[in-house]
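Colleague: Got a predicted structure here, sequence first:
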Amino acid sequence: MSEDRIHPKTAEIYAKIDEIMLLIKEAGYVPDFNSALHDMDKKEKELSLAYQSEKLAVAFAIFTVPHGAPIRNFMNLRVCVVGIVTLP
């Protein structure tokens with residue numbers, strides 16, 4: 001769950017997301033703030049989009065799935081445009 005920080009690898013997971021976000025920004029990714037909450041400043045919106053549950057799941061999988069194995073991230077009932085754009 002997004003913003004849940006009780007997992008023993010929380011620091012590593014969030015550090016991996018930060019690393020991934022830097023890499024995709026360098027590749028040209030621009031966050032779509034239209035799907036973020038409206039009562040936040042730009043930096044808060046960017047962080048809330050970066051730490052979405054889909055990205056947390058991928059970061060966790062990087063630590064737990066054997067190197068070279070596929071990572072499959074199944075979406076729940078709602079479809080989030082940000083997750084789809086950043087995690088094709």
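Modeller: Right, received. Where do you want to start?

Colleague: How many neighbouring residues does residue 17 have?
Modeller: 20 (other C-beta atoms under 10 Å). The C-beta positions use only the backbone N, C-alpha and C, and glycine is treated the same way.

Colleague: Poorly predicted segments of this protein, please.
Modeller: Residue ranges of the chain with pLDDT under 70: 1-4, 35-38, 75-88.

Colleague: Which of the three states applies to residue 54?
Modeller: helix (DSSP: H, G, I helix; E, B strand; the rest coil).

Colleague: Wait, it touches residue 72, no?
Modeller: No: the pair formed by residue 54 and residue 72 falls short of the contact definition of C-beta atoms under 8 Å, at 11.7 Å.

Colleague: Who has more neighbours out of the two?
Modeller: residue 54 (18 against 9).

Colleague: how much space between that one and residue 17?
Modeller: Using C-beta to C-beta, to the nearest Å, residue 54 is found at 11 Å from residue 17.
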